[in-house]
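K.L.:
Prediction below, plus the sequence it came from.
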Amino acid sequence: MRIENQREILEIEHSDISGSHCHDVNLSGTKLSDVNMSRVEINQANLAGAVIDDATMPGASFHNMDMSGASFSEVNLTHVIIEKANLAGLMIRHCKLDGMYIDGVAVADLLAAYRDKH
């Protein structure tokens, strides 16, 4: 089925639309619930104000992203690699830091040394 140059409100339930392609489409206000989006590709998308809740994303990749002002709460970031990122103003609070490293230095050791001096 092809939908082109239309304004439609679609209600899609219990369906398989895997392999579908969207280009230059306005999905603002769309709600997705109980969906399989494995291997989905999202490019040049405005996700401002998006809420992602109770989702699994193992193996997901984020490249060339502007996530300024984003919030992460109760997330599992084990074995995540962050590189070439601007972390200015980043705040980490109330987190388990066991095994976390910055430039090869254990964060627990850094914090212990800081606390010894202060």
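P.N.:
Perfect, thanks for sending it.
K.L.:
Quick one: residues contacting the residue of the chain positioned farthest from its centre.
P.N.:
Most distant from the centre of the chain: Lys117, at 36.4 Å, with distances by Cα atoms, centre = their mean. By Cβ atoms under 8 Å, 6 or more residues apart in numbering, the contact list for Lys117 is empty. In this view, the C-beta of every residue, glycine as well, is placed from N, C-alpha and C.
K.L.:
What about Met100, how many residues nearby?
P.N.:
17 (other Cβ atoms under 10 Å).
K.L.:
Without its sequence neighbours, what residue ends up closest to it?
P.N.:
With sequence-adjacent residues excluded and distances taken as Cβ to Cβ, 6 or more residues apart in numbering, Met100 is closest to Val107, at 4.4 Å.
K.L.:
per-residue confidence at that neighbour?
P.N.:
As predicted, Val107 sits at a pLDDT of 95.
K.L.:
residue contacts, it?
P.N.:
Leu97, Met100, Tyr101.
K.L.:
So which of those is the closest to His21?
P.N.:
Of all these, His21 sits closest to Met100, with 39.3 Å by Cβ to Cβ.
K.L.:
That closest one contacts Leu111, correct?
P.N.:
No: applying Cβ atoms under 8 Å, one finds Met100 not in contact with Leu111, separated by 9.9 Å.
K.L.:
hmm, back to that, and the residue nearest to Met100, backbone torsions?
P.N.:
phi -60, psi -40 (degrees, to the nearest 10).
K.L.:
With Tyr101 instead?
P.N.:
With angles defined as degrees, to the nearest 10, Tyr101 sits at phi -130, psi 140.
K.L.:
for Lys117, same thing?
P.N.:
Lys117 has phi and psi values of phi -80, psi -20 when expressed as degrees, to the nearest 10.
K.L.:
Going forward, count from 850.
P.N.:
Okay, residue one is now 850; in that scheme the one you just asked about reads as Lys966.
K.L.:
What segments of this protein are strands?
P.N.:
For the chain, applying DSSP state E gives strands covering 950-951, 954-955.
K.L.:
Just name the most buried of these.
P.N.:
Stretch with highest mean neighbour count among the strands of the chain: strand 954-955 (a mean of 12; mean count of other Cβ atoms under 10 Å).
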